[in-house]
Each structure stands twice: as C-alpha cells, then as structure tokens.
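Enquirer: quick one: sequence and predicted model below, then my questions.
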There are 2 protein chains.
Amino acid sequence: MNSTKESIVNIADDLIRRRGYNAFSYNDISKVLAVKNAAIHYHFPTKSDLGVAVIDLHIQKIDHFIKGVAPLSEPEKVEAFLNIYEQIQINKKVCLVGTLATDWDTIDDKIQQKLIVFVNIVGDWLTGVMEEGLKKGSLTFNGDPQTRAMLIITSIMAAAQMAKIMGPASFQSVKNAIINEVNRQ
Amino acid sequence: MNSTKESIVNIADDLIRRRGYNAFSYNDISKVLAVKNAAIHYHFPTKSDLGVAVIDLHIQKIDHFIKGVAPLSEPEKVEAFLNIYEQIQINKKVCLVGTLATDWDTIDDKIQQKLIVFVNIVGDWLTGVMEEGLKKGSLTFNGDPQTRAMLIITSIMAAAQMAKIMGPASFQSVKNAIINEVNRQ
DNA sequence: CTTGCCACTTACTTACTAGTAAGTACTATA
DNA sequence: TATAGTACTTACTAGTAAGTAAGTGGCAAG
C-alpha cells in the first residue's frame, strides 16, 4: 500500500514537522511526488483536510505504539516513548504537537480539534503508565501521575525543538534527566 | 521613544509569537500601524532583518530581567523566570525560541545565529542560578546545574505551547511541578 | 535659500499561494 | 460494448507574498 493518497500524507507530515504548517505548500508535495498540484486537491480538497489527515496518521501510529509496548514494564514504556522523540530529533524534525501549537492561531478549527484528540490519547496513555508504575513501585517520582506525564511530554517535546538550535547533546541530557526523575531513590 | 521603527519591531514580535514567523507579513504590520508596506522595508530591507531585530529586542529584555532579579534569592529568580512564561501564556502567545525552532529550516542563517546567542544568554544565566542555589543550599535538585537549567527551559517553553491546545490549567501544573523539583527534601 | 538627508508614499514587479473547472485515460461492472 | 466511476492532467483564477524604484514633504545645517 503505497498509494498516491498515502504518499501525500506522508510527505505532508514530513514537511510540516520539518518546515512548519505555514511554510509548506501543495507545490512542495507535487515536486517530490510525480503528480500535479490538482491531484493533491483531488484527494484533499483543502489544506486543512490534509492537515487533519496528517494528525489522523499520527493517531494511527500512536495507537499502534501503545498496543506494541503493552507487554513491557513501565520504565520500558517510558523509555520507548522517549525513543520516539529521539528518532524525531535524529531525523532533524520536531514533534507534530509542537509545530501545530506554535501555529495554533493560523490553523483551521478542524485541525485544532483533531490535535486535541491526539494530545489526549498520548496524555491519557502516559498518565496510565505513571499510575501503574507508581502502584507497582516500578516508577518513583514526585507529584501526581497526570502532572508527571505532562512534564515528560512537554520536556521531551521542547528538547527536540531545542536540538534544532543547540544540537543533539542538549536533547540527550534532557532525555536522560527525564528517565532519572522517574527512577528516584 | 515610540518611533515607527520600534513599533514595527514590537508588532512583529507580537505577530511572530502569536501566528508564527511564516504566517505574518509586512502587510499585517502596515494594517496595524498607519504606514505603508514600503515604510517597513525602509527600516528593515528584508524580513530576515526584522526577524533579527525582534531577537535583539528579546536579548535586550532578558539582559534587563537578569539585572533586575540580581538581588533576589535563587528560588525567587527561578519563580521570576517562570513568571515571564506565565505572562506569555496569559497573553496567548508562545515563547520566541519555540516558534523559531519549529520554523528553523525556513529561517535565514542570520536569524538562526542570533537565536543561538539568545538561548545561550538564557541558558548560561539559569545554569548560574542553579549552581549558586546548589552551593548555598537554597535549591535542591537532581542532576547537574546545566541539565537542570535546560530541563526547566524546555518544560516551561513547551508548557506555554501546550496551553494553546489544552488550556491554562496544563500550564499551571507544569509550572508548579518545576518549582517542586528544585525544592526537594 | 538651497542643498541634502530622513522618513516616508505611490506604484509597481515577480513569484508563489490555495483552489477550481473542464477534460482525459484507465478500469471495472452491467 | 456502453456506462460510470476513479485518479488524475491541463489550464486557469484571484489573492497575497517579499521586495524595489522613483518620487515627495519636511526639516536642519551651511
């Protein structure tokens, strides 16, 4: 399954997280794919439709991730989650939530609503991991699970952004610090 | 001193942090100010020149902030620093570093270089506060001062972004958690 | 009083944006 | 073999972007 429609979404995802939502155009996609501008409009009538599809792709991916890590321990789940962002950083991208948050006032209501759904999926899952880890004693941290989950998400999200400016080392130190904070003695 | 040139920089700063660098235009500024497009080009020949000027304004402001909080204790300095971001969040903006980081690949080299200078000023100052707090015992935290400083900056920066999506409550919980993490027992 | 500079305006160009209307080649089905 | 739908292309529009060349009004120094 490598249809034009899927390719469009994948390229759009790449462009959004590399250059930002307002810096990519249908023309950028048609330059990469061997299709014309209008072909993209055929699959996604408006840019907002494409934006929503990109978030849907991420929802699909995170659902798959959550199922995949289900058998792992809580510390392993946290590490696996942070590794997603490490890959983002290595590929010199940023996380979708961060880019769209900074462009928030310029994006369509449909994109905003879909992004809220995505953030809630990630937030609820990581809160659950924190709760479970606290109960089992496999994770030790200060504050309540929900706040800790939010703190982890914000830290690692911004660390990927900071790596754009300060290089990969800044990302690694933040990643290690996050792990240390949930393995306290 | 409320010259046209200064007004342009202030409005550009507002627009960049509200809508993103690639979503604001000279026309947006000339609509707010009672001047024409070309007047802005007179003061700032290219958009990159204006971008650099906006970061210079922030460097000026952070220098002023650092001098202002010099007599305060380390915990007070941290709180004052976090309060800057609280104001950003209340005004429904995001931090300059975050927006420009997500647009990194689309911004001019001059803007990139100037942003590195700005981040280093903030990073070095907060690292110094952490070192001093650790030495005096006024701050207690895990890890080294530099990593802790980076962790605080990334967390609060992304918290302002997250507030755009999840509302002000998410910001407050992250802010409180950061303070708790440097006042451990 | 005129020369020259500052801070603009007027009027424009080139390039690109999202989006659309109409047409076409191909494929599957009745 | 006709019909209809899918997945496009061709060719276009209206709007906006950054940027520029040339002109203007006011003011200050010589």
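Expert: That came through, no problem.
Enquirer: can you dump the C-alpha coordinates of stretch A:165-181 into PDB?
Expert: Only the C-alpha atoms of stretch A:165-181 are listed here, as PDB (Å, rounded to 0.1, in the frame of the first residue of the first chain):
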ATOM      1  CA  ILE A 165      19.100  25.300  17.900                       C
ATOM      2  CA  MET A 166      21.700  23.800  20.300                       C
ATOM      3  CA  GLY A 167      22.400  20.400  18.700                       C
ATOM      4  CA  PRO A 168      21.800  16.800  19.700                       C
ATOM      5  CA  ALA A 169      23.700  16.900  23.000                       C
ATOM      6  CA  SER A 170      21.000  19.200  24.600                       C
ATOM      7  CA  PHE A 171      18.400  16.600  23.700                       C
ATOM      8  CA  GLN A 172      20.300  13.700  25.200                       C
ATOM      9  CA  SER A 173      20.800  15.500  28.500                       C
ATOM     10  CA  VAL A 174      17.100  16.300  28.800                       C
ATOM     11  CA  LYS A 175      16.200  12.700  27.800                       C
ATOM     12  CA  ASN A 176      18.500  11.200  30.500                       C
ATOM     13  CA  ALA A 177      17.200  13.700  33.100                       C
ATOM     14  CA  ILE A 178      13.600  12.700  32.400                       C
ATOM     15  CA  ILE A 179      14.500   9.000  33.000                       C
ATOM     16  CA  ASN A 180      16.400   9.800  36.200                       C
ATOM     17  CA  GLU A 181      13.400  11.800  37.500                       C
END
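Enquirer: any buried residues in that stretch, and which?
Expert: A:165-166, A:170-171, A:173-175, A:177-178, A:181 (16 or more other C-beta atoms under 10 Å in any protein chain shown). Glycine gets a C-beta too; all of them are placed from N, C-alpha and C.
Enquirer: got it, and stretch A:62-71?
Expert: A:62, A:65-66, A:69.
Enquirer: what of stretch A:141-154?
Expert: A:141, A:143, A:145-154.
Enquirer: nearest to residue B:29 among the buried residues of stretch A:62-71?
Expert: Checking the buried residues of stretch A:62-71 against residue B:29 with C-beta to C-beta, the nearest one is residue A:62 at 39.0 Å.
Enquirer: whatever helix or strand residue A:29 lives in and chain B in contact?
Expert: Under the criterion of DSSP states H and E, residue A:29 resides in helix A:26-32. No: counting by C-beta under 8 Å from any C-beta of the partner chain, chain B has no neighbours in helix A:26-32; the shortest distance is 11.2 Å.
Enquirer: just checking, next helix/strand downstream of that helix?
Expert: Heading C-terminal from helix A:26-32 (DSSP H and E), you reach helix A:37-43.
Enquirer: which residues are in contact with that next one?
Expert: A:4-5, A:8, A:26-27, A:29-30, A:50 (C-beta atoms under 8 Å, 6 or more residues apart in numbering or on different chains).
Enquirer: could you rerun that using 6 Å?
Expert: Under the criterion C-beta atoms under 6 Å, 6 or more residues apart in numbering or on different chains, residues A:5, A:8, A:26, A:29-30 lie in contact with helix A:37-43.
Enquirer: let me know the closest of those to DNA strand D.
Expert: Nearest to DNA strand D among the contacts of helix A:37-43 is residue A:5, at 6.2 Å by C-beta to the nearest atom of the strand.
Enquirer: and the nearest residue to the closest one once chain neighbours are set aside, how many neighbours?
Expert: With C-beta to C-beta, 6 or more residues apart in numbering or on different chains as the measure, residue A:43 is the residue that lies nearest to residue A:5, at 4.7 Å, once sequence neighbours are left out. Applying other C-beta atoms under 10 Å in any protein chain shown, we find 17 other residues in the vicinity of residue A:43.
Enquirer: from the buried residues of stretch A:165-181, pick the one nearest DNA strand D.
Expert: residue A:165 (22.1 Å).
Enquirer: okay, that closest one and residue B:96: tell me how far apart.
Expert: Going from residue A:165 to residue B:96 by C-beta to C-beta, to the nearest Å gives 11 Å.
Enquirer: for residue A:58, same thing?
Expert: Using C-beta to C-beta, residue A:58 is found at 26 Å from residue B:96.
Enquirer: after the top helix by length along chain A, next one along is what?
Expert: Assignment by DSSP state H gives helix A:109-136 as the longest helix of chain A. Beyond helix A:109-136 in the direction of the C-terminus, DSSP H and E gives the next helix or strand as helix A:145-166.
Enquirer: specify the angle between the helix or strand that that next one is followed by and helix B:109-136 in degrees.
Expert: Reading on from helix A:145-166 to the C-terminus, the next helix or strand found by DSSP H and E is helix A:168-181. Orientation check (axes from the mean of the first three to the mean of the last three C-alpha atoms, to 10 degrees): helix A:168-181 against helix B:109-136 gives 40 degrees.
Enquirer: can you list the neighbours in contact with helix A:168-181?
Expert: A:82, A:89, A:141, A:152, A:155, A:159, A:162-163, B:142-143, B:147, B:150-151, B:154.
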